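Chemist: Here is my input; please provide its structure:
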Amino acid sequence: MPKDIVPKEALDWFKRKGIEPGFDYRDVWREEHSNAFTVAKMLNADLLVEVKQLVEGAIESGQTFEQFRDVLKPLLVKSGWWGIQTMVDPLTGDDKPVQLGSEGRIKTIYRTNMRTARAAGQWERIERTKRALPYLLYQLGPSMEHRIDHANWKGTLLPVDHEWWTNHMPPNGWGCKCWIRQVSRVEAEKLTNENKVTTTAPEGGTKQWVNKRTGEVEVLPEGIEPGWNYNPGKGRQQALQDDLIKKEIKMRQTLSNGV
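Modeler: Here you go, the predicted structure:
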């Protein structure tokens, strides 16, 4: 990601994150990622803080993956967070062989955080400029192969405030490179008249998915991978509200038990 196209909003969004250690990627879920930086199985909070700072630096300076890897790998190796090791799963108490640091894990950390930060930053700009540019157009990224559903969504043109963008704002899965382009009313009318776009939300089916870490059952739109059915830009506000509700419930339970 070249430095000249790294949006300031993306960096600001990432800087506002805290940290949340988690053993499994399903332990920190969906909108929670909008407020907390996490790396699965990185339970050392000090190391997690250091890694977050490196990701922040990569976003700010527009580092390539290779540049980021060359900085992060020595830190992980020195910290002992590398290779396959045995860890205790805090949820079950079982010893498990787990993959810690690797070239693949570093690539996942880089790509996931770069893309979600960029999407969140873009959404902030969309909300700020939607009076002048009130439509969004779904576009495919540079992947050699595309998911069938994502390919079918190409050319979908909908208003910024359409509910479809709540679950379909890219990225929509691991490695997804889809993106959206914001367009004016005049351009939207031109594209519509030329039959180059679809102006109704795609009617896809849904599927049930069980988070085996929590037991929760989610209904996902077809084409959206588990954990990606949220809009990073909208997610922060929703996560804060959910966190407040959880704290209020816990406080009431504590007060009730104390009476």
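Chemist: Identify the residues contacting residue 90.
Modeler: The neighbourhood of residue 90, defined by CB atoms under 8 Å, 6 or more residues apart in numbering, consists of 23, 43. In this view, the C-beta of every residue, glycine as well, is placed from N, C-alpha and C.
Chemist: Repeat that for residue 160.
Modeler: Residue 160 makes contacts with 126, 127, 130, 133, 134, 135, 136, 182, as judged by CB under 8 Å, 6+ apart.
Chemist: most surrounded residue in these?
Modeler: residue 136 (26 neighbours; other CB atoms under 10 Å).
Chemist: okay, now residue 62: neighbour count?
Modeler: Neighbours of residue 62 under the rule other CB under 10 Å: 14.
Chemist: how much space between it and residue 36?
Modeler: Applying CB to CB, to the nearest Å, the value for residue 62 to residue 36 is 24 Å.
Chemist: Residue 186 too?
Modeler: 41 Å.
Chemist: Likewise for residue 166?
Modeler: Relative to residue 36, residue 166 is positioned 20 Å away (CB to CB).
Chemist: And the two? Which one has more around it.
Modeler: Neighbours per residue (other CB under 10 Å) separate residue 166 from residue 36, with residue 36 holding more: 18 against 14.
Chemist: got the contact list for the more buried one?
Modeler: Counting by CB under 8 Å, 6+ apart, residue 36 makes contact with 17, 18, 19, 20, 28.
Chemist: Wait, a helix at residue 128?
Modeler: Yes: under DSSP: H, G, I helix; E, B strand; the rest coil, residue 128 sits within a helix.
Chemist: That one: how many residues sit nearby?
Modeler: Counted with other CB under 10 Å, residues neighbouring residue 128 total 11.
Chemist: Now do the same for it: its pLDDT.
Modeler: As predicted, residue 128 sits at a pLDDT of 93.
Chemist: For it, give its distance to residue 7.
Modeler: Applying CB to CB, the value for residue 128 to residue 7 is 12 Å.
Chemist: what does residue 170 give?
Modeler: Distance, residue 170 to residue 7, using CB to CB: 15 Å.
Chemist: higher neighbour count, the two?
Modeler: Neighbours per residue (other CB under 10 Å) separate residue 170 from residue 7, with residue 170 holding more: 25 against 16.
Chemist: Would you agree that one is in contact with residue 180?
Modeler: Yes: Residue 170 lies in contact with residue 180 (CB atoms under 8 Å); the separation is 6.3 Å.
Chemist: anything in contact with each of these two?
Modeler: What both residue 170 and residue 180 touch, as defined by CB under 8 Å, 6+ apart, is the set residue 138.
Chemist: and the nearest residue to residue 43 once chain neighbours are set aside, what is it in contact with?
Modeler: The shortest distance from residue 43 to any non-neighbouring residue, by CB to CB, 6 or more residues apart in numbering, is to residue 21 (4.7 Å). When contacts are counted by CB under 8 Å, 6+ apart, residue 21 touches 38, 42, 43, 44, 45, 48.
Chemist: which ones among those residues are found in strands?
Modeler: Members of the contacts of residue 21 lying in strands (criterion: DSSP state E): none.
Chemist: Which pair of these spans the longest distance?
Modeler: Based on CB to CB, the longest span within those runs between 38 and 44 and measures 12.2 Å.
Chemist: The two: which is more packed in?
Modeler: Higher neighbour count among residue 38 and residue 44: residue 38, with 21 against 13, using other CB under 10 Å.
Chemist: roughly how far apart are the more buried one and residue 89?
Modeler: Distance, residue 38 to residue 89, by CB to CB: 16 Å.
Chemist: Next: residue 73.
Modeler: 26 Å.
Chemist: Next: residue 108.
Modeler: Distance, residue 108 to residue 89, using CB to CB: 20 Å.
Chemist: Then residue 154?
Modeler: Taking CB to CB, one finds residue 154 at 41 Å from residue 89.
Chemist: How about the contacts made by the residue lying closest to residue 109 once chain neighbours are set aside?
Modeler: The shortest distance from residue 109 to any non-neighbouring residue, by CB to CB, 6+ apart, is to residue 39 (6.1 Å). In this structure, residue 39 makes contact with 48, 51, 105, 109, judged by CB under 8 Å, 6+ apart.
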